[in-house]
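Novice: Requesting a structural model of the entry that follows:
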Amino acid sequence: MRLRTSPWGYGRVVYQRLTDGRIVVYAHLESFATASDDRVRAAQRETQRYTVDLWLSETEIPVRKREVIGRTGQTGTGFPHLHLELRDADNVPINPLTRGGFTVADRTPPTIRRIALTPVGPTSGVDGGHQSVSVAVRWHAGRGRFEAVKKVTAHGTIGVSVLGYDRAEAADNKLAPLSNHLIVDGKSVLKAVYERVPYGDAYQVGLDRLVLGGSETKPDVYFNLFRRRGNRLSFYRTECDGLLRLKPGSHVIEVLSADAAGNESRARMRLLIDEPPRIVSARIVEAGGRLFLEADVTDAEDGDLAMKVEERAPAGKWREIQAQQVSVGAGPFTWELGGTTEPGGEGAVWRLTVKDSAGQIAFRTFDRSGGGSALVVSPPTTGVDKLSVQPQAHGSDDPELSVERQVHADFVDLLIRSEQMLAEAPRVSVWGVERPWASSGGTSEREILSIVQTGLKQYAVTVQVAAFAASAGSQKDTDEAGTAGWRRSDARMVVVEIRATAPNGSVTRRRIQLRGDRVAPGEARALAFGGGEAVLSFGATSVYEPFTPQGELFEPQGNEQLASTPVGYAFGPESLSFNRRVKVALRLPREGMGRPEKLAVYAGGGDGKWVFLGNELDVVGGQVSARVRQLGRFALLADERPPTVKVTNPRSGSVTAGRRPLLAARVQDSGSGIGREEDVIMALNGQRLISVYDPEAHRVEFQVEEELAPGEYQLEVTVRDRCGNEARSSSSFRVP
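Specialist: As a prediction, the model looks like this:
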């Protein structure tokens, strides 16, 4: 038997080895049985700590059938409940409903809520984009299955995930299903049976999950039915990676979820594999005082496309002025427009639409309703890049464009949004630069990128950063990290220039820099961002697959407990998880922050909510760092406010009702938090007590076991947070 106590995690827990070698775990207990309790208390008095971990011999506290060994509770975490766990002889958790030798009455099949599709790589897409798309499913009684509410269109390499749960008979809580099975066009692709997960691989579960939608406090977590690189989890029943590489046409995707009692649910959706048409070029040209639309198109699967040209009437409605079938490869094509070269003339706004045989479309809009103006270049900004067309002397309203980055493993999508329609699609060019600070750094050839219009005022462009950075020449790293075996580089950058034309003819150019350094398995790297404002350090075994990290500076906003600093970085892609933790180091502010020991790295930031990650202080290097499993938004914040603490029992000046009172205090810290048991100290008349700290209930208490002698007593509670801020509360009381 093993007995353990802790303020965190499992709280009070019993590990009992059965005669067949398996181990039963009973966690979050309110108390142990008498013999075990005596043994634990003796160890606590010996170590003067509440936390103990005792491994008992086979005969020290024998357990017999029907004997009480503990009482359920909520220590460590959660509400009052029984945490029952079954492990094999190697201490690996197993499913007690399939390997426990007993059954639970259950006639309720699993519930399937949604199916998600994830494109993998820059040449794949779902519903026209690179983001995961989730589709709700509804129960169809006549067909006895769940049906997707809509059909999805995709191309390239696709991964399928499922959101669902199992609710055992008469149980209110939601459980995971025993298995999920992916079937495509009637053929089995991948099956996962969640029966056994070693604790050493528990962190890898992130590779088997997709976090998508829901809320910030309770996101939806899907089961992946494909295997990401590096996935060593052993609960898959097939050897393939489960990724779909389907031929063009219609396909049937089915997900079969089953529970331990054999109840099954099936969900079905239609998937159309079709690559959308693409407008290679489109522009308005003038000839002889008349306007013409010139365009060229392509499609990977269709030879003929339907094209039409529309103009917008003053009332805002579109009317067709040209329509025809065109052959891919026979362009460019030219249509005469109904407008004139005079600004503000009728028919000065047009739309070109291309449709393939599957109904997928591509389009471009052209707004030539404004007057001409001079070239305007907006200054660079931080955070979300702003591309601003400045108002000209004639007083027309020029648009402001925002550029958002969506970071993927080996490419970046730039989403360009405008306040109003543009004269034409922005022109985006890109080139790689090696060692941008050095005059000898190489530069690659400039390339014009293909742009996709996603709305009347929205555009998207994909930048394959690693490819452009590699074309700039060989890398020349400098070892600035000061650690043997690490390489720190600020060398490879990819420059993206966006050229936008406003309806009035004014032009603005904006340059955005992306990182081109690639991190790969087997290579230790330390990448500096912003001239060393932030550094990401990867060990040789940190990453599962090559990727190109990106970082954007932002100014974090603190809250009542945490003070802001100018240092915040958003790193991506956030969808990746790491085999070994990655070090995130943020530079100490140069001025205005008094005590660096009060600074720490925090994650999050939604609605002013921050989660403490770490405060490894390097005064010489001028950094504060933390270790993380995933990238995200990280900020350097200062916690200079002490925790709150107040003795609640006995109240100061009171007389106890008996001679064995419960001593209690309320403790809370919403900044860096309380991370160690030794940072919560309860002392009676100067003698430290082995008190019990409950971080979720924000409470520390001690039940007096031996009667106190009559007289005056002084109870003092001292609390210290992770940044060293300390608070005290005391109470003077009398025992009758």
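
Novice: Every contact and neighbour count from this point should use C-alpha atoms.
Specialist: Will do.

Novice: Surely A105 and R167 touch.
Specialist: No: using C-alpha atoms under 8 Å, A105 is not in contact with R167; the gap is 11.7 Å.

Novice: Which of those two has more residues huddled nearby?
Specialist: It is R167, of A105 and R167, that has more neighbours when counted by other C-alpha atoms under 10 Å, with 19 against 9.

Novice: do you know how far the more buried one is from G608?
Specialist: Distance check for R167 against G608: by C-alpha to C-alpha, to the nearest Å, it reads 35 Å.

Novice: now Q420
Specialist: 32 Å.

Novice: These two: which is more packed in?
Specialist: More crowded of Q420 and G608, by other C-alpha under 10 Å: Q420, with 17 against 12.

Novice: Below-threshold pLDDT in the chain: ranges please.
Specialist: 170, 338-347, 371-399, 434-444, 470-491, 592-594, 605-607 (pLDDT under 70).

Novice: Nearest to the spatial middle of it, which residue is it?
Specialist: For the chain, the residue nearest the mean C-alpha position is E574 (4.7 Å; C-alpha atoms, centre = their mean).

Novice: what sits against that residue?
Specialist: Residues near E574 by C-alpha atoms under 8 Å, 6 or more residues apart in numbering: V407, Q630, L631, G632.

Novice: Check V137 too.
Specialist: Residues near V137 by C-alpha under 8 Å, 6+ apart: I112, R113, R114, I115, F146, E147, A148, V149, A267.

Novice: State the helix or strand in which Y15 lies.
Specialist: Assigned by DSSP states H and E, Y15 falls within strand 12-17.

Novice: Off-centre distance for that strand?
Specialist: Its chain's C-alpha centre and that of strand 12-17 lie 34 Å apart, by C-alpha atoms, centre = their mean, to the nearest Å.

Novice: quick one: contacts of that strand?
Specialist: Here strand 12-17 makes contact (C-alpha under 8 Å, 6+ apart) with 1-6, 23-32, 70, 75-76.

Novice: Could you tell me which of those count as buried?
Specialist: Buried by 16 or more other C-alpha atoms under 10 Å: 1, 3-6, 23-32, 70, 75-76, out of those.

Novice: Tell me which of these fall in strands.
Specialist: 3-5, 23-32, 70 (DSSP state E).

Novice: So what's the residue count around E320?
Specialist: There are 13 residues near E320, going by other C-alpha under 10 Å.

Novice: now do G686
Specialist: Around G686 there are 11 residues (other C-alpha under 10 Å).

Novice: residues in contact with it?
Specialist: Contacts of G686 (C-alpha under 8 Å, 6+ apart): Q714, E716.

Novice: Beta-bridge partners for H81, please?
Specialist: According to DSSP bridges, the partner residues bridging H81 are G73.

Novice: wait, it sits on E30?
Specialist: No: between H81 and E30 there is no contact, the gap being 9.9 Å when judged by C-alpha under 8 Å.

Novice: Find residues that contact each of the two.
Specialist: T72, G73, Q74.

Novice: Let's have those residues in TSV, adding neighbour count and distance to L449.
Specialist: Formatted as TSV, the shared contacts of H81 and E30 follow (neighbours: other C-alpha atoms under 10 Å; distance: C-alpha to C-alpha, whole Å):
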residue	neighbour count	distance to L449
T72	18	63
G73	20	61
Q74	21	58
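
Novice: For the residues you listed, give me TSV that also has distance to I94.
Specialist: Below are those laid out as TSV (distance: C-alpha to C-alpha, whole Å):
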residue	distance to I94
T72	22
G73	23
Q74	23
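
Novice: and which of the residues you listed is nearest to D259?
Specialist: Ranked by distance to D259 (C-alpha to C-alpha), the shared contacts of H81 and E30 are led by T72 at 26.5 Å.
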